[in-house]
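1. Based on what follows, work out the 3D shape:
(one chain, ligands or ions: 1)
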Amino acid sequence: MSDRDPAPDSPVVTGGAADAPVHEVLQSRSFPVGDGTMVRRLLPQRLLRTVGAWCFADHYGPDDVVDGEGMQVPPHPHTGLQTVSWLLEGEIVHRDSLGSVQRVGPRELSLMTSGQGISHSEESPDDRPPLLFGVQLWVALPDGDRAGPASYEHHTDLPVVAHGPLTATVVLGGHAGISSPGTTFSRLVGLDVHVDGDGVLPLEPDFEHAAFVIDGQAVVDGEPLGVGAIVHLGRGRDALELSGADARVMVLGGEPLGEPLVLWWNFVCRTGEEVAQAREDWEEGSRFGTVHGYRGPRLEAPPLGPARLLPRS
Ligand code: MN
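-> Alright, predicted model coming up:
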């Protein structure tokens, strides 16, 4: 799956390049991650690199994590992005090089801003619930903010906006005049919409949007969908029709970033040279700090060369 991913020497321009409403369904690619679970990669895709500043989306589970170690993502670096961990079920422990140690449960926003450099691990706690089910998202930092400080936020009380049979949790950004407490660096929105009936979700026409089902089945913009597909909706829409019975749909949107991105491994850069430098800094043990308390070695960077965007790390 790596060979279709952007290589450091082939910069990826942001956006699906749609200035008008579109309806384009793209399938995720599924593959196993290191600990054996499967993820569905919804972003980036060859035909849809970014949605606003959203540049990465993995959906996984529900996985039975009773046996074995559960999720184990060893310490690894990030630069140029924010990571958003959003669980539907289960619990994970986040540790980072700032010293944060945070247990995160369902419907809680785990938001890490890398700035120029941070490292973190994610693991299933020993006393974990039986299922793990969630989404991992990345937001690219605008050029003016990506050299800034690293930070970690955990928010357990997120705003909810009801639109008839639709109940939208504002995970990140703003929706209908209501804002998530999570820090953002560009105008964007990330919603977890519970759908129970036929409803209409207001959208910000300036934003580019995409949507994907995260639980159950739903009719999105007139098309029945299950998990594993993402609908690119383009720009210029002021509403999205959603219907279903006890389904959940994630809606991502944002002002197009308008900056070329180079994604490689866990880095969001602007050039191949920056990627190579970030990789070297991680291998040398500089810039990204140290994660304490994780049981096991940190991840080594893959060799430079062909495109390498590894799963959920
Ligand atoms: Mn990570």
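2. Strands of the stretch 51-200 of the chain, start to end?
-> 54-64, 72-78, 81-89, 92-96, 101-104, 109-113, 118-123, 131-140, 151-155, 160-163, 166-175, 178-179, 188-202 (DSSP state E, counting those that start in this stretch).
3. pLDDT-wise, which helix or strand of the chain ranks last?
-> strand 29-32 (a mean of 87; mean pLDDT, DSSP states H and E).
4. name the helices or strands packed onto it?
-> For strand 29-32, the contact count by 3 or more Cβ pairs under 8 Å, 6 or more residues apart in numbering; DSSP states H and E identifies strand 38-43 as packing neighbours. Quick note: C-beta positions are derived from backbone N, CA and C, even for glycine.
5. The strand it packs on pairs with which strands?
-> Partners of strand 38-43 in the sheet, by DSSP bridges, are strand 29-32 (antiparallel), strand 54-64 (antiparallel).
6. would JSON lines of those strands with distance to residue 108 and mean neighbour count be doable?
-> Formatted as JSON lines, the strands paired with strand 38-43 follow (distance: least, Cβ to Cβ, whole Å; neighbours: other Cβ atoms under 10 Å):
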{"stretch": "strand 29-32", "distance to residue 108": "26", "mean neighbour count": "13"}
{"stretch": "strand 54-64", "distance to residue 108": "16", "mean neighbour count": "22"}
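7. okay, those in TSV with distance to residue 263 next?
-> Compiled in TSV, these are given as follows (distance: least, Cβ to Cβ, whole Å):
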stretch	distance to residue 263
strand 29-32	15
strand 54-64	6
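8. which stretches of the stretch 51-200 of the chain aren't confidently modelled?
-> Nowhere does the stretch 51-200 of the chain drop to pLDDT under 70.
9. Now with 90, please.
-> Low-confidence segments of the stretch 51-200 of the chain, defined by pLDDT under 90: 67-71.
10. Also the stretch 201-313 of the chain?
-> In the stretch 201-313 of the chain, residues with pLDDT under 90: 304-313.
11. Helices of that one, start to end?
-> Here the stretch 201-313 of the chain has its helices, by DSSP state H, counting those that start in this stretch, at 272-284.
12. what ranges do the strands span in it?
-> Under the criterion DSSP E, counting those that start in this stretch, the stretch 201-313 of the chain contains strands at 208-215, 218-220, 223-225, 229-235, 239-254, 262-264, 267-269.
13. Switch these over to JSON lines; also include distance to residue 125 and mean neighbour count.
-> Listed next are the strands of the stretch 201-313 of the chain as JSON lines, based on distance: least, Cβ to Cβ, whole Å; neighbours: other Cβ under 10 Å:
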{"stretch": "strand 208-215", "distance to residue 125": "23", "mean neighbour count": "26"}
{"stretch": "strand 218-220", "distance to residue 125": "31", "mean neighbour count": "24"}
{"stretch": "strand 223-225", "distance to residue 125": "33", "mean neighbour count": "14"}
{"stretch": "strand 229-235", "distance to residue 125": "30", "mean neighbour count": "23"}
{"stretch": "strand 239-254", "distance to residue 125": "24", "mean neighbour count": "21"}
{"stretch": "strand 262-264", "distance to residue 125": "30", "mean neighbour count": "25"}
{"stretch": "strand 267-269", "distance to residue 125": "28", "mean neighbour count": "24"}
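14. CSV for those, including distance to residue 181?
-> Shown next, in CSV, are the strands of the stretch 201-313 of the chain (distance: least, Cβ to Cβ, whole Å):
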stretch, distance to residue 181
strand 208-215, 21
strand 218-220, 27
strand 223-225, 30
strand 229-235, 26
strand 239-254, 18
strand 262-264, 27
strand 267-269, 23
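15. Apart from its chain neighbours, what residue comes closest to the residue nearest in space to the middle of the chain?
-> Nearest to the geometric centre of the chain sits residue 137, at 0.5 Å (Cα atoms, centre = their mean). Once flanking residues are discounted, residue 137 sits nearest to residue 84: 4.1 Å by Cβ to Cβ, 6 or more residues apart in numbering.
16. could you measure residue 53 against residue 250, distance?
-> Taking Cβ to Cβ, to the nearest Å as the measure, residue 53 and residue 250 are separated by 15 Å.
17. brain fart, residue 107
-> To residue 250, residue 107 is 13 Å away according to Cβ to Cβ.
18. Touching both of those two, which residues are there?
-> Counting by Cβ atoms under 8 Å, 6 or more residues apart in numbering, the contacts common to residue 107 and residue 250 are residue 192.
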